[in-house]
Each structure stands twice: as C-alpha cells, then as structure tokens.
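A.B. asks: The following block contains a protein sequence and its predicted model.
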Amino acid sequence: RAVAVLYFGLPLVQIALTAAQLAALVFHWRRRRLCAYINKAIAAVESQINDALDACIEGVIEKVFRDAFSAVRVKAAVFFRLHGDNLSRMRNSPEIWAALTHEDAL
C-alpha cells in the first residue's frame, strides 16, 4: 500500500505543482496586461492634459515674449539713436580703432 501511495503520490504532487505554476503564470500575464492597459490610459490622459495646458498657456506666453521683444527693440533703437554718432566716430578714428584691436595697447 505504501508503494502505491508513493507511486501515485509523487506524480500527483508534480501535477499539483505544475497546475499551481500555470495558475501563477496566468495571473501574472493578466496582471501585466492590466498594468499595460492602465499605463496606456494614464499616458492618454496625460497627453490630453498637456495639450489642453499648452493651448491655454500658448497665448499668454506669446504675448509676454512679444511685449518683451518689442521693449528690447525700442531700447535698442533708442540706444543706437543716442550713441550712433559716437560709434561711427570710434569706427572712423584710427587711434581708437588701433587701441581696440591691439591687446598690447590695453
């Protein structure tokens, strides 16, 4: 009788372990698919939120940069209007030009 139990018991234990491994594998695959599905959903929602925020912010950012660049343009025009004559005199003066281009003169 003990021989019969061992003879049939060991294969039954192996079958039970294989069934447990198969059940764990199925659970693992389902969990991976579920996680992949949830990650795709999160990425889609994230993309929609980013697009909506970009659309809301785009106008404000363009206005800020447009105002900043126009202010810089005005300041540059004023600077060159005030100092244009000085710059042209410096460019045409050989002494100043020589002093600016030679390091030993500095």
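C.D. replies: Nice, thanks for sending it over.

A.B. asks: what packs against the strand or helix carrying L12?
C.D. replies: Using DSSP states H and E, L12 sits within helix 2-92. For helix 2-92, the elements it packs on are helix 94-101, judged by 3 or more CB pairs under 8 Å, 6 or more residues apart in numbering; DSSP states H and E. In short, each C-beta sits where N, CA and C put it, glycine included.

A.B. asks: Buried residues, the helix it packs on. List them.
C.D. replies: For helix 94-101, burial by neighbour count (16 or more other CB atoms under 10 Å) applies to no residue.

A.B. asks: just the angle between it and helix 2-92, please?
C.D. replies: Here the directions of helix 94-101 and helix 2-92 differ by 160 degrees (axes from the mean of the first three to the mean of the last three CA atoms, to 10 degrees).

A.B. asks: so for helix 94-101, what's the average pLDDT?
C.D. replies: The average pLDDT for helix 94-101 rounds to 73.

A.B. asks: Does anything pack onto it? Which helices or strands?
C.D. replies: helix 2-92.

A.B. asks: roughly how far is the helix it packs on from the heart of the chain?
C.D. replies: The chain centre lies 7 Å from the centre of helix 2-92; the measure is CA atoms, centre = their mean, to the nearest Å.
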